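# have a look at this prediction, sequence included:
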Amino acid sequence: MDQLKLAALDAEDLQVLSAHVQDAVLLVGDIRYLPKENRAVFVMNRFVWDKEADRRTKAHERRRSALSFSQVRSMKANQLRQNAKDAVLELLAITFEAGEEPSGSVRLDFAGGPSILLEVECIEAQLADLGAAWSTPNKPSHDLA
């Protein structure tokens, strides 16, 4: 499979990115806010949802990926221990709440309650795989009870 490269310029595009990074895992230390560049970057291990498990081994894939947002005015963390650089986060979803067009808030929600809120001038996001895939026997699942 070719490496994934996607861009999002509106809320509908952002939903597509969200689907591709659902259940990605990342370390708190792999989150960067670059205020001088108006950018936020998240380096993660993305679960490849768009590929079926190997029929013989039942293995799934993960890929190292970078998700970046441009036009970021501010970044705020909620229930996130920023000094715990080795803490593992599992990304559940990315959503957008419109403000005064085209600005708004991009929210990244993680399992267990933490979230990150990006105040953006407009939606400008990119997702790119950084290298080859590796196999994993584990497929993410969620208790809906």
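Sure thing, it's come through.
# surely Ala8 is in contact with Val21?
No - the pair Ala8 and Val21 fails to qualify as a contact (Cβ atoms under 8 Å) at a distance of 11.0 Å. Heads up, the C-betas are built off the backbone N, CA and C, glycines and all.
# what residues do those two have in common as contacts?
Common neighbours of Ala8 and Val21, counting by Cβ atoms under 8 Å, 6 or more residues apart in numbering, are Leu127.
# so who does the closest residue to Gln71 other than its chain neighbours touch?
Closest residue to Gln71 apart from its sequence neighbours, by Cβ to Cβ, 6 or more residues apart in numbering: Glu121 at 4.1 Å. By Cβ under 8 Å, 6+ apart, the contact set of Glu121 is 38, 71, 73, 102-103.
# pretty sure Leu14 is in a strand, no?
No - when DSSP: H, G, I helix; E, B strand; the rest coil is applied, Leu14 is found to be helix, with no strand at that position.
# that one touches Ala8, doesn't it?
Yes - counting by Cβ under 8 Å, Leu14 does reach Ala8; the two are 4.5 Å apart.
# what's next to stretch 15-24, contact-wise?
Stretch 15-24 has contacts (Cβ under 8 Å, 6+ apart) with 4, 6, 8, 44-47, 49-50, 65, 67, 90-95, 125, 127, 140.
# now the buried members of those.
Buried by 16 or more other Cβ atoms under 10 Å: 6, 8, 44-47, 65, 67, 90-92, 94, 125, 127, out of the contacts of stretch 15-24.
# tell me which of the contacts of stretch 15-24 fall in strands.
6, 8, 44-47, 65, 67, 90-95, 125, 127 (DSSP state E).
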